[in-house]
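Enquirer: what's the 3D shape of this:
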Amino acid sequence: MKSSRIIIVSAVISITSFFALSCSPGKADDVSTSSPIPAEPDPVSVEAYNADYGKLVSSVDASGLLRGVKEASVVAETSGKITALKAGIGDYLKAGAPIITIDDSIAVLNLRQAEQDLESIKIDYDAVERAYRNGNASNAEYIKAKSAYTGAEARLEQARKNYENTSITAPLEGYLADLNSSLEEGSYLSTGSPIGVVVDLSGVKVDVFVSDDDVGNISEGAPAVIMVDGLEIDSEVEAVALSSDRATGSFKVIVSADNPYGTRIRSGMPAVVSINPEVEDSLVIPSAAVVNFGGSSFVYVEQHGRARLTEVEPGKLAGDRIEIRSGLVQGETVLVTGIKSLADGYPVIFRLRN
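Expert: A predicted model of the protein is given here:
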């Protein structure tokens, strides 16, 4: 009984104390001012962009040097005195047309000697072969005779080639784009000396190098444009390298086209190539709209005049644009500028960016 009375008295004292405090002058005002309602922030002026589908990479631009669809460096394959210059720089040559002729007197003598040697050795070889078949010659004799005959054939072939090489000819049809300026009639020409370059300008090619980010979007047959000396040539991707240049880490792409301009364009001219990559449309927004918090990516979306923080999954980045794989839908208004001044729920005044 005693402990029950103690509990009742304590409860009465507590209630009385609470009533006294709540009725004390000035206490109600103190409570009301301890949790003020925050003031509404002023609207933030921002630029916005409507999320839309498009190609993340509109084009891949690179530069290189123009070259003919075929080009061949010509070198001397024999030595001797130059007897005539048959062509000059800029001449159009058929395949096999002579460029330079060399004194062939020694080559002719060697060819005749090789022909006579082969004829003589063939007589001996035929005789040994008949005897071998009849059992009147040993296997060693037959092999020796056959080896001598084969060697004579090889020497004749080499002599014939040396004779043919006394006339240095165009290896393909095209223009003689360059000619060694030291070549003159009467001067001596050594084997391996450079003669010139023949270029087929019926078509053109440009080798360009692109980054690892771009090469995955480029495939053979992709449309492209070659721009050279103020002229545009519709072209396409002929080949894409499967390995990178070890020095630069970039990948070679060969672009080719028919040449509609003839000699208005020349091998070695600088060219700019614009390749249209074959990529599917994706939801794209300006990359400046994406912010990172705690390892996740977010954007501010305008909803009823307020900025709403929305988590997104970004994809590939290309320049100032980024692919959004999830978190946004087409047509949503994404805030692009003033991001650092925003928080979730802030009022905004926006202007759409094209």
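
Enquirer: count of neighbours near Thr78?
Expert: When neighbours are defined as other CB atoms under 10 Å, Thr78 has 20 of them. Every C-beta, even on glycine, is put in place using the N, C-alpha and C of the backbone.

Enquirer: quick one: it and Gly262, what's the gap?
Expert: Thr78 is 35 Å from Gly262, where distance means CB to CB, to the nearest Å.

Enquirer: do the same with Ala247
Expert: Relative to Gly262, and taking CB to CB, Ala247 is found at 36 Å.

Enquirer: cool, and Lys146?
Expert: Here the criterion is CB to CB. By it, Lys146 lies 56 Å from Gly262.

Enquirer: which of the two has more neighbours?
Expert: Higher neighbour count among Lys146 and Gly262: Lys146, with 14 against 8, using other CB under 10 Å.

Enquirer: what's the span of stretch 267-286, first residue to last?
Expert: Taking CA to CA, to the nearest Å as the measure, stretch 267-286 stretches 40 Å from start to finish.

Enquirer: any idea how many residues pack against Ala84?
Expert: Around Ala84 there are 11 residues (other CB under 10 Å).

Enquirer: give me the sheet partners of the one helix or strand it maps to and which way each runs.
Expert: Per DSSP states H and E, Ala84 falls inside strand 80-85. Its sheet considered, strand 80-85 pairs with strand 98-102 (antiparallel), strand 188-189 (antiparallel) by DSSP bridges.

Enquirer: and the first one, how far out from the chain's middle?
Expert: Put simply, strand 98-102 sits 41 Å off its chain's centre (CA atoms, centre = their mean, to the nearest Å).

Enquirer: Ser244 and Val208: what is the separation?
Expert: Separation of Ser244 from Val208 (CB to CB) stands at 14 Å.

Enquirer: next: Ser120.
Expert: With CB to CB as the criterion, Ser120 and Val208 are 60 Å apart.

Enquirer: what about these two, which has more around it?
Expert: Val208 (24 against 11).

Enquirer: spatially nearest residue to that one, not counting backbone neighbours?
Expert: Distances taken as CB to CB, 6 or more residues apart in numbering put Ala62 closest to Val208, at 3.7 Å, once the chain neighbours are dropped.

Enquirer: next secondary structure after the helix or strand harbouring Tyr163?
Expert: Per DSSP H and E: Tyr163 is located in helix 139-164. Toward the C-terminus, helix 139-164 is succeeded by strand 167-169 as the next helix or strand (DSSP H and E).

Enquirer: what's the weakest-modelled helix or strand in this structure?
Expert: Least confident helix or strand of the chain, by mean pLDDT, DSSP states H and E, is helix 2-23 with a mean of 37.

Enquirer: got a list of what the residue nearest the centre of the chain touches?
Expert: The chain has Val210 as the residue nearest its centroid, 3.3 Å off, counting by CA atoms, centre = their mean. Val210 sits next to Val60, Ala62, Ile218, Ser250, Phe251, Val253, Ile275 when contact means CB atoms under 8 Å, 6 or more residues apart in numbering.

Enquirer: so Gly203 makes contact with Arg67?
Expert: No: between Gly203 and Arg67 there is no contact under CB atoms under 8 Å: 10.0 Å.

Enquirer: neighbour count winner among the two?
Expert: Arg67 (22 against 15).

Enquirer: please report how far that one lies from Lys205.
Expert: Using CB to CB, Arg67 is found at 5 Å from Lys205.

Enquirer: what bits of the protein have low per-residue confidence?
Expert: Low-confidence segments of the chain, defined by pLDDT under 70, span residues 1-38, 57-58, 278-279.

Enquirer: tell me where the longest helix sits in it.
Expert: Using DSSP state H to define each element, the chain has its longest helix at helix 105-133.

Enquirer: that one vs helix 139-164, what angle?
Expert: Counting by axes from the mean of the first three to the mean of the last three CA atoms, to 10 degrees, helix 105-133 lies at 160 degrees to helix 139-164.
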